[in-house]
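Visitor: No sequence on hand, only this structure:
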C-alpha cells in the first residue's frame, strides 16, 4: 500500500488493522499512527509529490509486522532514537523523542534500515499454552494448600 504524504490517516489505519485482533487494535493503531505521521511529516516533509509505502505481514507463529518507508533523507545519528526510547517518556518541554518512546513501548521490535528511511515494526502474539488437569490432580493439589 502507498499513499501521498498526508496526516489524514484514518482510512489508512483502518485498512492496516483489518487482520489484527480487536483486543490489539487500539494499541497498534496508536503505534502505527505515530510511525506514519513521522514518515509523512518528518521524512517526506508533507510533500504531496512524495509517497509513504507500507507493507504488512502476518506470521502465524510469530505475529504481525509492518515495514514503513518514506522518500526522505533519513535522520542523522545525532538523533539517537535508541537513546530517546530508553530514557523514558520525554519531558513536556522536549521537542523530540516521544514517537521513539511510543514505538518502543508498543512494538516488540523497532528497527530502522541504515539510511533511516525504512522502519520495521513487529508485534508478537503471545499464545497461551493450555494445560489440562484431571479432576483427581485438582482434588489432590487442593489438599496441599492451606486455606485460612
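Guide: Structure's in. What do you need? Since the model is a prediction, treat every value here as computed from it, not as a measurement.

Visitor: Now do the phi/psi pair for the residue positioned nearest the centre of the chain.
Guide: Of all residues in the chain, the one closest to the mean position by Cα atoms, centre = their mean is residue 107, 3.7 Å from it. With angles defined as degrees, to the nearest 10, residue 107 sits at phi -100, psi 150.

Visitor: Equivalent analysis for the one 5 residues further on, please.
Guide: Main-chain dihedrals, residue 112, degrees, to the nearest 10: phi -100, psi 150.

Visitor: That one bridge partners, please.
Guide: Note on residue 112: beta-bridge partners by DSSP bridges are residue 119.

Visitor: That one is in contact with residue 119, isn't it?
Guide: Yes. Using Cβ atoms under 8 Å, residue 112 makes contact with residue 119 at a distance of 5.4 Å. No exception for glycine: its C-beta is placed from N, CA and C like everyone else's.

Visitor: neighbour count winner among the two?
Guide: residue 119 (23 against 14; other Cβ atoms under 10 Å).

Visitor: what's the closest non-adjacent residue to the residue nearest to the centre of the chain?
Guide: Excluding the flanking residues, the one nearest residue 107 by Cβ to Cβ, 6 or more residues apart in numbering is residue 121, at 4.5 Å.

Visitor: got the contact list for the nearest residue to residue 99 once chain neighbours are set aside?
Guide: Nearest non-adjacent residue to residue 99, counting by Cβ to Cβ, 6+ apart: residue 34, 4.9 Å away. Each residue near residue 34 by Cβ atoms under 8 Å, 6 or more residues apart in numbering is listed here: 99, 102-103.
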